[in-house]
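Peer 1: okay, sequence plus prediction incoming.
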Amino acid sequence: MVSEKDFETLDHYVGNRLNAHEKAAFEQQLANNTELQQALAVQEQIAGGLRKARAAELKQMLKNVPVSSLPSQPSLLGRIGLWAAAAGVAGSGLYFYFNQDDTAAVPATASTTEIKQDVTAVEPTPQEEAVQVPAETHSDALKKTEPVAPKTTTDKTEEKTAERNTIEVYDPEADTENSNAAAATAEESPRASTRSTIVAETDATNKKYNFHYQFKEGKLFLYGTFEKNLYEIMEFFADNKRTMFLYYKDNYYLLNDENDKVKSLTPIKDPALVKRLNASRGH
Amino acid sequence: MVYRSNSNMNEKEIFERICKGDEKALEFLYQKYYRMMTKLVISNSGTEEEARDIYQDALVVFWQKATSGNLVLTSKMSTYIYSICQNLWRKELDRKKRLSNEEKDGSVTLDTDTAEREKIIAKCIDQLGETCKKVLMFYYFEEMSMQDIADKLGFANTDTAKTKKYKCKKKLDDLVKAQYSEHDFLD
């Protein structure tokens, strides 16, 4: 019969609450006590069941989180570099376009390069990744690289050790992603951008709205028969302002997210703006 | 323009919130890196369904490590999660390969005993009340302190959390033992 005290220690052992010294002492005790070993087996199964149930609960929670399920387009991936460069140029153009009354604030001689560092367009399209990683880098990393584990202080014994010692130190964002740096400096640099993730959903069933949009609960809803993969969302950041455009079938539409009202989509006619937007899309 | 999305939350803030067991921060993280992580699987002969599954599993592993205080991040969160995804997907590919070989050899073995025990325990957990389930899950999975459990579940103090945990665990043990002895699992 396992004593109350031993059972308590056993529970702490299973719950990973013992320090190294207590753990070693308990394991020594365990080695000479078959009853305790049997009790441990049952307790580990129970704790394992609880962990499994919690993991399933969390997974279910994630399953219910809305994510854009639009597939990535390889042809668009090839344009990443172009997007980044063009966005800088377009960003400066748009900055001047939207701030025509305030041009004195920015030196007229500011070079494109300088502007590029401050104003970048992010998340050019919902079909694109929030963070771009070249496919072949993934593939190579998966197949070849020698794994090195990030430092963890775990000494767990259960099976949830998928990352174990085989985690690779590989920075998928190193080359192309600057979201963290941008996020961290968002306050200091008013025109710096973060890689926001606009989740766009289309709704072709609404009878009242056939070519409209709405910002609701942080998501963009497009009402109408939008063909999948043919629309893109463009974001530009300047002076703490975000300006968004929808590109769909050769037309650009300004997206106003000031409130959650349903608004109709009206194509932008201004040839100068259209030209700049075209430039930012690499056309 | 006044729209500000969660994307303004920085890495440090997200990680701190996750360490404190903020599920909303986990949901945000899930959305933030969804494309990047699922692409890893998709571009390595996986389906979108498999990619989503792997990414969700990876985030659960990450969450467990972070909430239990067993994680010291020495790289970006995305790098760490990406590594977990890689390893999980590698394991899954190995499993598939093994399974296909076993099918060819006709040597598929099923540990029915273990599966039966797991089923019993899952059934017993289901019989507990919601609060009991939460207390025990937070204790064994997130490895939360009694203070954190009390805070999270609105208990008056740590003593209340301790008592609740003790009673809930006792109830679960009794349920499992009763089922185990019915199935002759207690020898």
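Peer 2: Done, it's in. Residues are numbered from 1 along each chain as shown, chains lettered A, B, ... in the order given.
Peer 1: which residues of chain B score low on pLDDT?
Peer 2: Within chain B, the stretches with pLDDT under 70 are B:1-8, B:106-110, B:186-187.
Peer 1: the same query, at a cut-off of 80, please.
Peer 2: B:1-9, B:102-111, B:183-187 (pLDDT under 80).
Peer 1: again with chain A
Peer 2: For chain A (pLDDT under 80), the answer is A:1, A:68-200, A:217-218, A:227-231, A:235-243, A:258, A:279-283.
Peer 1: and the helices in it?
Peer 2: For chain A, helices defined by DSSP state H occupy the ranges A:4-14, A:20-31, A:34-63, A:74-77, A:80-98, A:112-118, A:135-143, A:179-184, A:271-280.
Peer 1: where exactly do the strands run in the stretch 151-283 of chain A?
Peer 2: Taking DSSP state E, counting those that start in this stretch, the strands of the stretch 151-283 of chain A run over residues A:199-203, A:211-216, A:219-224, A:231-238, A:241-248, A:251-255, A:263-264.
Peer 1: deepest of the ones you listed, which one?
Peer 2: Counting by mean count of other CB atoms under 10 Å in any protein chain shown, strand A:231-238 has the highest mean neighbour count of these, with a mean of 22. Just so you know, the C-beta spots here come from the backbone N, C-alpha and C atoms, and that holds for glycine as well.
Peer 1: name the nearest residue to B:A150, ignoring sequence neighbours.
Peer 2: In space, and not counting its chain neighbours, B:A150 is closest to B:A161: 4.1 Å by CB to CB, 6 or more residues apart in numbering or on different chains.
Peer 1: what's that neighbour in contact with, if anything?
Peer 2: By CB atoms under 8 Å, 6 or more residues apart in numbering or on different chains, the contact set of B:A161 is B:135, B:146-147, B:149-150, B:153, B:155.
Peer 1: dump these to a markdown table, plus distance to A:Q38 and neighbour count.
Peer 2: Listed next are those as a markdown table, based on distance: CB to CB, whole Å; neighbours: other CB atoms under 10 Å in any protein chain shown:
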| residue | distance to A:Q38 | neighbour count |
| --- | --- | --- |
| B:V135 | 26 | 27 |
| B:M146 | 28 | 20 |
| B:Q147 | 33 | 12 |
| B:I149 | 29 | 24 |
| B:A150 | 33 | 20 |
| B:L153 | 32 | 16 |
| B:F155 | 33 | 20 |
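Peer 1: which of those residues sit farthest apart?
Peer 2: B:V135 and B:Q147 (13.1 Å; CB to CB).
Peer 1: which ones are touching the closest residue to A:F211 other than its chain neighbours?
Peer 2: Distances taken as CB to CB, 6+ apart place A:G224 nearest to A:F211, at 4.3 Å, with adjacent residues excluded. Taking CB under 8 Å, 6+ apart as the contact definition, A:G224 lies against A:202-204, A:209-212, A:265.
Peer 1: before we move on, the earlier item: out of the contacts of B:A161, which are inside helices?
Peer 2: Counting by DSSP H, these contribute B:135, B:146-147, B:149-150, B:153 to helices.
Peer 1: could you dump those residues into a markdown table with distance to B:N44 added?
Peer 2: Formatted as a markdown table, these follow (distance: CB to CB, whole Å):
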| residue | distance to B:N44 |
| --- | --- |
| B:V135 | 40 |
| B:M146 | 43 |
| B:Q147 | 43 |
| B:I149 | 40 |
| B:A150 | 44 |
| B:L153 | 41 |
